[in-house]
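sequence first, predicted coordinates after that:
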Amino acid sequence: MSSIIEDLITRKIFNNRGEETIEVDVVTQSGFGRVSAPAGKSRGKAEVVSYPKGGVDQALKKIDDLIAPEIVGLNSDFQEEIDSTLHEIDGTNDFKIIGGNTAFAISLANAEAAANSHGLLLFQFLGGNTATTLPYPLGNVISGGQHTRGKTPDIQEYLVLPYGAETFLEAATANAQIHKVLGEILRKKSSSFNGGKSDEGAWIANIGNLEALEVMCDACEEVANELSFECGFGIDLAASSLWREKEKKYVYTREGKKRDSGNQLEYLLDLIENYHLSYVEDPFHEEDFESFAELTEKTKNCLICGDDLFTTNNERLAHGIELNAGNSIIIKVNQIGTLTDALETIENANRNGFINIVSHRSGDTCSWHITHLSMAFRCPIIKTGVVEGARIAKINELIRIEHFLGNRATMADLTVF
Ligand code: PGA
Ligand code: ZN
């Protein structure tokens, strides 16, 4: 059995939006890994650059010309060496030469190839025998903001979190049922509702910010009663996209309101209390660590999560930890580039009591590798939608893992609720 890398095979494929993306196969003497990269639409400013100038075609060329000659012959078991080689070849701090998505695909495909060379599944290889805890699925069910156009909510995502479920399959069932019930409620509520869905498979409806929260309450309650366990819910404001730096205000176009930071804080405190929100992501713009800290201090039993705030970047997380800016972090490996970089951030979050939430992106493929990362690195929550092919590829992979583990499988501990 050998994990020595023999070849990097690359190609251009498409994501769920029909955009070009990169796919990499890492071939070792006795194994194989294949990963394609996702794409964000509401991207954080501190994210690494996705592709070099010239896009996917140029990235493929860089692999052939610059990367493959350095990587072929290395041992895929040594992930840190592979990842530091990628950094050395690139030579910048934001992967602008080779592209963060290029680094992402090679790094993760390498991890899978190493696992495969040892006859192990990725989560077993990275997490060991004790990686038997499944994450709760956090799923987007109503879309707004930058993920839609027209008269939709200003808030980007309305998400369900069935934290009372005892198994992953039960949790995934709850999310699918809530999505379905919401569709029925929206159909009855508005004659203009045509069943349209966003890239992430969440409903697109002509409703206001609060109206959407009302229907979330109704759907979650109905399904929770049916299934006899608690289903929480929350929102991702992606507030950087609402923030107007010149005016120093959050502009809610649909609602016809503008809020300064103080008003935004009050607004959020009201929403959390009135709707018993379990989860609030990016409630303030990506440089406002102080307001994140204030909101975190003033709330209980609610995850205050940084996505654009942290961009999976350990230095930004360290700053957030110092200020108590939030209590949870979105982990999108392609925001930072390599598995080693992401793991550094995940470990720092763990050491400091922040909850890690591994996440898909709105543009995504059927690569399911983030599910194995959530298992291997004991992340209690995975954010990966409810319906739509790229989401279902990940949900179903976790169902398979739970099935495979049998009675060794447990659900994550979400005692925060
Ligand atoms: P994305 O963002 O469109 O950049 O994937 C989704 C999110 O804000 O969580
Ligand atoms: Zn987000």
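Nice, I can see it. Residues are numbered from 1 along each chain as shown. Ligands and ions are numbered 1, 2, ... in the order given.

burial count for the residue in the chain that ligand 1 sits nearest to?
In the chain, the residue that lies nearest ligand 1 is Gly40 (2.5 Å; C-beta to the nearest ligand atom). Where C-beta positions appear, they are placed from N, C-alpha and C, glycine not excepted. Here the count is done by other C-beta atoms under 10 Å, and Gly40 has 21 residues near it.

give me the phi and psi angles of it.
phi -90, psi 160 (degrees, to the nearest 10).

show me the contacts for it.
Taking C-beta atoms under 8 Å, 6 or more residues apart in numbering, we find Gly40 in contact with 47, 332, 334-335, 361-363.

three-state assignment of Ala356?
Let me fix one detail, which is that residue 356 is Asn and not Ala. Under the three-state scheme (DSSP: H, G, I helix; E, B strand; the rest coil), Asn356 adopts strand.

quick check: closest non-adjacent residue to it.
Counting by C-beta to C-beta, 6 or more residues apart in numbering, Cys379 is the residue found nearest to Asn356 once chain neighbours are left out, at 4.1 Å.

and the contacts of Gly40 as CSV, adding distance to Thr167 and secondary structure?
Below are the contacts of Gly40 laid out as CSV (distance: C-beta to C-beta, whole Å; DSSP: H, G, I helix; E, B strand; the rest coil):
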residue, distance to Thr167, secondary structure
Glu47, 34, coil
Lys332, 26, coil
Asn334, 30, helix
Gln335, 30, helix
Arg361, 27, coil
Ser362, 28, coil
Gly363, 30, strand
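
what residues does the stretch 1-150 of the chain put near ligand 2?
Contact residues, the stretch 1-150 of the chain versus ligand 2 (C-beta under 5 Å from the ion): none.

can you list the low-confidence ranges for the stretch 1-150 of the chain?
Within the stretch 1-150 of the chain, no stretch has pLDDT under 70.

now with 80, please.
1 (pLDDT under 80).

just the helices in it please.
Along the stretch 1-150 of the chain, counting by DSSP state H, counting those that start in this stretch, helices occupy 55-62, 68-71, 79-90, 100-117, 122-127.

before we move on, what about the stretch 301-417 of the chain?
For the stretch 301-417 of the chain, applying DSSP H, counting those that start in this stretch gives helices covering 314-323, 333-336, 339-351, 369-376, 389-405.

how about TSV for those helices, with distance to ligand 1 added?
Formatted as TSV, the helices of the stretch 301-417 of the chain follow (distance: least, C-beta to the nearest ligand atom, whole Å):
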stretch	distance to ligand 1
helix 314-323	16
helix 333-336	9
helix 339-351	15
helix 369-376	12
helix 389-405	11
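
what residues does the stretch 151-300 of the chain put near ligand 1?
236, 238 (C-beta under 6 Å from any ligand atom).

touching, Ile346 and Ile357? I think so.
No - taking contacts as C-beta atoms under 8 Å, Ile346 lies outside contact range of Ile357: 10.3 Å.

name the residues contacting each of those two.
331, 379.

hang on, the earlier thing: from the helices of the stretch 1-150 of the chain, which stretch is densest packed?
Mean neighbour count (mean count of other C-beta atoms under 10 Å) peaks for helix 100-117 among the helices of the stretch 1-150 of the chain, with a mean of 27.

ok now that one, how far from the chain's centre?
18 Å (C-alpha atoms, centre = their mean, to the nearest Å).

does any bit of it sit next to ligand 1?
No - Helix 100-117 lies apart from ligand 1 when judged by C-beta under 6 Å from any ligand atom; the minimum separation is 12.7 Å.

pLDDT on stretch 334-347, on average?
Across stretch 334-347, the average pLDDT comes to 98.

just to revisit the earlier point, from Pro137, how far out is the residue nearest to Asn356?
For Cys379, the distance to Pro137 (C-beta to C-beta, to the nearest Å) stands at 12 Å.

looking only at neighbour counts, state which of these two leads.
For Cys379 versus Pro137, the count of surrounding residues by other C-beta under 10 Å is larger for Pro137: 28 against 25.

wait, that one touches Leu398, no?
Yes - with contacts counted by C-beta under 8 Å, Pro137 reaches Leu398, the gap being 7.3 Å.

give the contact list for the residue nearest to Thr345 when sequence neighbours are not counted.
Nearest in space to Thr345, with sequence neighbours left out and distances taken as C-beta to C-beta, 6+ apart, is Asn314 at 4.4 Å. Residues counted as contacts of Asn314 (C-beta under 8 Å, 6+ apart) are 341, 344-345, 348.
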